[in-house]
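1. Mind looking at a prediction? Sequence and model below.
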Amino acid sequence: MLFYRKTLSIKAKLARLILFILCVPLLIFGTLWYVKASESIERNAVDYNEQLIGQINSQLDGYFTDLERITYPLLLHPQIQSFMKLSPDEQYDRFLISKKISDELFPSITFGRPDIYGLSIVSNNGIATSSYSAAVGKGSYEQYKNAVLGDRNYRIAGIEYMDSIPVLTIARTFLDTVSYQSSGILLVYVRLSEIIKICEKIKLGDTGFIWIMDAEGRVVYHPQKDKWGKQALTPELSAKLTHENGHYVEKAGQDKRLIIYERSAKTGWTLISEVSLKELNREMISLRNITIWVGLLVVGIALIVTGGFSLYLTQSLLQLQRLMRRAEEGDLSVKAPERRNDELGALNRGFNRMVGEIGRLLEEVQTSRMKEQEMEIRQRESALQAMQSQINPHFLYNTLEIINSYAIIENVRPISRMATSLADIFRYSVGNPGQAVTLLEEIRYIRTYLEIQQERFQALQVEIVTDEAHLPKVQAVRLMIQPLVENVFKHGYQAYKQKPSYIGISGMVRDGDYILRIEDWGQGMDSGLKERYNAAIAADDREMPPQTQEVGGMFDAIGLWNVHQRIRIHFGHPYGLFIAKSDETGTMIEMRLKFVAGSLEKGAENDV
């Protein structure tokens, strides 16, 4: 290739490389920067002028809002309402009311407002009064009546001349306070002084200016006064002013002019600013050109000074960068060369140590996670096996057999029944905890367990209401009812020093699942604690929530939480426990189990 010919020296190769790789991209970048800078300058000019136009529009809207506000009392004034109801024949009343309006009401509006040239009031009956000339107001009535009533009760009309003074006419509709129908109009003649003052405060360079066009396309304000009141909306201009606001560039001979416009929603006026792009960008273009030349000079010097040395470093750094990218993608077997003795060699050795340390830490984290998962599994298994591992089954079986034999010999039937029941309990409880069982087996087991408890608590009433035909169709986990019943004795009765009086177990099919209820008449918990328990049960988290651990009680050891988690692990969501009721009258816990029968319609609820 051109840069790597054997006849060329290294210096020539570097020179050509720098010329091609750095200068050509710099030239392209400089051109793009120039274009983007020009666009940015124009965009900044547009933003700046749009803000100015928006400010002027806001000031004009505020000005006309103030005029609307100060004239509003006239619309409802009793004198005005009386004037509107006069007929042409009531000349004397007309004279009196007109005089009061002229002497009292009109001065209250025009006082301190030199911009208000005059006021006129004209009723629908053709009666007029004015601070300027009643004939003028009456003559303007027909001109503005239909426009105001056909649109809205407030309208800014165009410019007209009174005594060679250009004034702006504002028309407002009077409404009868009884019928709410139009009864006349109020005409306010406003000098252009305030509008001129607002517009002339803005300076757009030496040749830029702002002008205003009303909703009918007539000029309201222009630096050239001979254009006031004349039509300015040509078809070409109308085609460009298609939106509420916007901008476009218009050629004016050798120059380009930036036109920015914004239409006021309140007045319907369109404010238009015109400014020369060349004049607007003059200082910024000069600064841009100086910046480009200075930048080129600095870059050139930097290329000369650092070109050779940077090239020396580039190869090693690029190699290290490639290795780092591979390490980022997960390949921690990469190894940078360590043969150099300079800073680059030290950097490579540091990179190798870092990658090795990251690999070691990742391995430790993975090992730690595996140990944590294994520990969690063991803890869950030990929770169930804790009760089983406390006794020696064979020793207990033999002992219970001996007790049963003595009881039969001595004809003590209660002891014989208890020994037999206890043997059945031990035999069921030491079975494989992972083996699937049916609800029928669980109910038989808990029935035996409660028979022993009834021997202990003579007043205990046990009620088990189930349908034997449904129980084999309900999937269950081993020893899931006993912990709940033990909670009844411990937390419902004994914790409050009450004797166990009632334990009820019932089942029903609901929405295609089997609902098993365990109910007692002991002391329950407060509603806040019940809601926290239900929230913990409903959460799909296999760790016991801290708020339930602090309370203790029902979520201790292999209590409710263990039973709920075992059901959830075996059958998944939404199977598990739910505290349906818990108050001073007792507690009811519902256990949702999987019902495999297909003959029952989903959605039906059958008590069984």
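-> It's in. Numbering: from 1, shown residues only.

2. Would you confirm that Arg94 contacts Ile127?
-> Yes: shown here, Arg94 and Ile127 form a contact pair, counting by C-beta atoms under 8 Å, at 6.0 Å. In this view, the C-beta of every residue, glycine as well, is placed from N, C-alpha and C.

3. intersection of neighbour lists for the two?
-> Taking C-beta atoms under 8 Å, 6 or more residues apart in numbering as the contact definition, Arg94 and Ile127 share the neighbouring residues Phe83, Leu86.

4. where are the low-confidence patches of the stretch 201-350 of the chain?
-> 205, 280-285, 287-288, 291, 295, 298-299, 302-303, 305-314 (pLDDT under 70).

5. Show the pLDDT at the most centrally placed residue in the chain.
-> The centroid of the chain falls nearest to Ala539 when counting by C-alpha atoms, centre = their mean (24.5 Å). pLDDT for Ala539: 76.

6. same question, Glu590
-> As summarised for this prediction, Glu590 has a pLDDT of 95.

7. that older thread, quick one, which of Arg94 and Ile127 is more surrounded?
-> Regarding Arg94 and Ile127, a neighbour count based on other C-beta atoms under 10 Å identifies Ile127 as having more, with 24 against 19.

8. Touching, that one and Asp93? I think so.
-> No: shown here, Ile127 and Asp93 do not form a contact pair, counting by C-beta under 8 Å, at 10.2 Å.

9. so where does Gly507 fall, helix or strand?
-> Secondary structure here is read from DSSP states H and E; on that basis Gly507 sits in strand 502-510.

10. Same check on Val275?
-> Taking DSSP H and E as the definition, Val275 sits inside strand 270-276.

11. Same question for the strand holding Gly507: list its buried residues.
-> Burial within strand 502-510, assessed by neighbour count using 16 or more other C-beta atoms under 10 Å, is assigned to Tyr502, Ile503, Gly504, Ile505, Ser506, Gly507, Met508, Val509, Arg510.

12. report the angle between the axes of the next helix or strand after it and strand 502-510?
-> Moving toward the C-terminus from strand 502-510, the first helix or strand encountered (DSSP H and E) is strand 513-520. In this structure, strand 513-520 runs at an angle of 170 degrees to strand 502-510, with axes from the mean of the first three to the mean of the last three C-alpha atoms, to 10 degrees as the basis.

13. So which bits of strand 513-520 are buried?
-> Those buried within strand 513-520 under the rule 16+ other C-beta under 10 Å are Asp513, Tyr514, Ile515, Leu516, Arg517, Ile518, Glu519, Asp520.

14. can you check stretch 172-188 too?
-> Neighbour count says stretch 172-188 has Arg172, Thr173, Phe174, Leu175, Ser182, Ser183, Gly184, Ile185, Leu186, Leu187, Val188 buried, by 16+ other C-beta under 10 Å.

15. repeat for stretch 68-78
-> By neighbour count, and taking 16+ other C-beta under 10 Å as the criterion, the buried residues in stretch 68-78 are Thr71, Leu74, Leu75, His77.

16. I figured the second one hits Ile80, correct?
-> Yes: using C-beta under 8 Å, Leu74 and Ile80 qualify as a contacting pair, with a distance of 5.6 Å.

17. what residues are shared contacts of these two?
-> Leu105, Ile121.

18. hmm, which two among the buried residues of strand 502-510 are most spread apart?
-> The distance between the two most remote of those (C-beta to C-beta) is 24.3 Å, for Tyr502 and Val509.

19. is it true that Ile579 lies in a helix?
-> No: assessed with DSSP: H, G, I helix; E, B strand; the rest coil, Ile579 is strand; it does not lie in a helix.

20. ok so, going back, and after the strand holding Val275, which helix or strand comes next?
-> Of the helices and strands lying after strand 270-276 in sequence (DSSP H and E), the nearest is helix 277-280.

21. list the helices and strands that following helix packs on?
-> helix 24-76, strand 255-263 (3 or more C-beta pairs under 8 Å, 6 or more residues apart in numbering; DSSP states H and E).

22. out of the ones you listed, which comes closest to Arg360?
-> Using C-beta to C-beta as the criterion, the shortest distance between Arg360 and those is 42.4 Å, found for helix 24-76.

23. That closest one - what's its average pLDDT?
-> Along helix 24-76, the predicted confidence averages to a pLDDT of 77.

24. starting at the chain centroid, how far to the helix or strand following that helix?
-> In the C-terminal direction, the helix or strand that comes right after helix 24-76 (DSSP H and E) is helix 78-84. When distances are taken as C-alpha atoms, centre = their mean, to the nearest Å, helix 78-84 is centred 55 Å away from the chain's centroid.

25. do the same with stretch 221-237
-> Distance of stretch 221-237 from the chain centroid (C-alpha atoms, centre = their mean) equals 48 Å.

26. In that stretch, which residues are buried?
-> Using 16+ other C-beta under 10 Å as the burial criterion, the residues of stretch 221-237 that qualify are Tyr221, His222, Trp228, Gly229, Ala232, Leu233, Leu237.

27. Among these, which lie within helices?
-> Residues from the buried residues of stretch 221-237 lying in helices, with DSSP state H as the criterion: Leu237.

28. Kindly reformat the buried residues of stretch 221-237 as CSV containing distance to Ile272.
-> CSV is the format used below for the buried residues of stretch 221-237 (distance: C-beta to C-beta, whole Å):
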residue, distance to Ile272
Tyr221, 10
His222, 10
Trp228, 15
Gly229, 16
Ala232, 9
Leu233, 11
Leu237, 9
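
29. with the buried residues of stretch 221-237 in mind, which one is nearest to Pro88?
-> Comparing the buried residues of stretch 221-237 against Pro88 with C-beta to C-beta picks out Gly229 as the nearest, at 33.4 Å.

30. per the record, what domains does the chain have?
-> 77-196, 459-607 (automatic domain parsing).

31. among those, which is nearest Glu244?
-> Smallest distance to Glu244 across these (C-beta to C-beta): 17.5 Å, for domain 77-196.

32. Quick one: end-to-end length of that closest one, please.
-> Using C-alpha to C-alpha, to the nearest Å, the end-to-end distance of domain 77-196 comes out at 32 Å.

33. Ok, stretch 327-337 next?
-> Stretch 327-337 has an end-to-end distance of 15 Å (C-alpha to C-alpha).

34. got it, and stretch 474-490?
-> Terminal residues of stretch 474-490 lie 28 Å apart, using C-alpha to C-alpha.

35. Show me which positions of it end up buried.
-> Burial within stretch 474-490, assessed by neighbour count using 16+ other C-beta under 10 Å, is assigned to 474-485, 487-489.

36. Quick one: distance of the strand holding Val275 to the chain centre.
-> In this view, strand 270-276 has its centroid 39 Å away from the chain centroid, taken as C-alpha atoms, centre = their mean.

37. How about stretch 353-363?
-> When C-alpha coordinates are averaged (C-alpha atoms, centre = their mean), stretch 353-363 and its chain have centres 40 Å apart.
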